[in-house]
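Asks: mind folding the following:
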Amino acid sequence: MAGSKLNLVWSSARVDGKEAAETVARAPLINLPVREVDRFELKYWVPNAVCQEVVEYARPYLILDPWNVKVGLERQYNSTLYLETPRLDAYQTHKDQAADRYKLRVRAYGEIPAGMAFFEVKRKINAITVKTRAPVPIEEVGPLLEGMGPMPEKLSTEERRSLENFLFLQTATGARPYVLVRAHRESYCTPDPREDVRLTFDRDIGFQSVRGPSLRGDPRGWIPIDGYDQHGFYGQHTMIELKFPRFAPAWMGHLINRLDMWRVAYSKYVAAVQSLIDQPMTDAMAWDFAGEID
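Replies: Coordinates of the predicted model:
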């Protein structure tokens, strides 16, 4: 599998080839495990009233996510626990537009997350998103992140390698649970999974700071990050993401032109951290080791 390996590094090189203003910490060079199909992702804020028109336009090409159909839901909550270093490397490399950057996160599903959680390394190489994923029973997330849990037994070789890679990066960079982000997602995909084209609608996007490896958070603690401060428009808006490997199908281009949608560079994680930075008292309360930053 040598041909599918990539070096993984926090880079300070920007996508425009310039060096970032500040030097950022680098994670050790390692090999990336076998990964999911690389994707491009295009993001758009649209008024809620436009969403149904988007669905109708895409309906001939996509179906409701079979997983949601299986559990009898049109929309599903997802909660994502992001890990961060004391120097905020994941946040800073995004702000610096580093051409090669990644995040460590754990995602679970359900209004009250239950069942399996997924340890993910989400890497961005220029415009391409590369993600590795390993499933773990949600009750084993905390012990694993705290370095006290055994490796799950029911993992494939690739999943085990992905999880080992995640835990190695966590140890090597000193990353810890930092914020929990939640969205109410409506998801569509191509009937043939090999085509791997997806359309998602994220509503009610919010976050809260965390002090430990919990994916459930405080039901009353969600702070919205889908308002005017994030997209610059009044009224309720939805984050639409178009995801595809290699090249976009023609209907996506027609959809974008017909609805006059403007692409944005929104990141839920960056919006959450920015909100904490803009509210320094909240930030100080949120993260015990903020004082460890050099």
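Asks: when you work out contacts or count neighbours from here on, use the C-alpha atoms and nothing else.
Replies: Fine.
Asks: strand partners (parallel or antiparallel) of the strand of greatest length in the chain?
Replies: The single longest strand within the chain, with elements called by DSSP state E, is strand 176-189. Neighbouring strands of strand 176-189 in its sheet, by DSSP bridges, are strand 63-64 (antiparallel), strand 76-84 (antiparallel), strand 198-209 (antiparallel).
Asks: any idea how far the first one is from the chain center?
Replies: Meaning strand 63-64. 21 Å (Cα atoms, centre = their mean, to the nearest Å).
Asks: for the strands paired with strand 176-189, which one sits closest to residue 41?
Replies: strand 198-209 (9.3 Å; Cα to Cα).
Asks: any residues touching the closest one, and which ones?
Replies: For strand 198-209, contacts defined as Cα atoms under 8 Å, 6 or more residues apart in numbering pick out 51, 62, 178-190, 217, 221-226, 237-244, 268, 272, 286-287.
Asks: what of stretch 121-138?
Replies: Counting by Cα under 8 Å, 6+ apart, residues outside stretch 121-138 touching it are 15, 33-41, 99-105, 108, 114-120, 152, 155, 159-160, 162-163, 166.
Asks: identify those among these that sit within strands.
Replies: Residues of the contacts of stretch 121-138 located in strands (DSSP E): 39-41, 100-105, 108, 114-120.
Asks: now the longest strand of the chain: mean pLDDT?
Replies: In this model, strand 176-189 has a mean pLDDT of 97.
Asks: got the CA coordinates for it in PDB?
Replies: The C-alpha trace of strand 176-189 is given here as PDB (Å, rounded to 0.1, in the frame of the first residue of the first chain):
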ATOM      1  CA  ARG A 176      -6.900  17.600  24.200                       C
ATOM      2  CA  PRO A 177     -10.700  17.900  23.900                       C
ATOM      3  CA  TYR A 178     -11.500  21.500  23.300                       C
ATOM      4  CA  VAL A 179     -14.900  22.200  21.800                       C
ATOM      5  CA  LEU A 180     -18.100  20.200  21.000                       C
ATOM      6  CA  VAL A 181     -19.900  21.200  17.800                       C
ATOM      7  CA  ARG A 182     -23.400  20.000  16.900                       C
ATOM      8  CA  ALA A 183     -25.500  20.300  13.800                       C
ATOM      9  CA  HIS A 184     -28.900  19.000  12.700                       C
ATOM     10  CA  ARG A 185     -28.100  17.400   9.300                       C
ATOM     11  CA  GLU A 186     -30.200  16.400   6.300                       C
ATOM     12  CA  SER A 187     -28.100  14.300   4.000                       C
ATOM     13  CA  TYR A 188     -28.500  13.000   0.400                       C
ATOM     14  CA  CYS A 189     -26.200  10.800  -1.600                       C
END
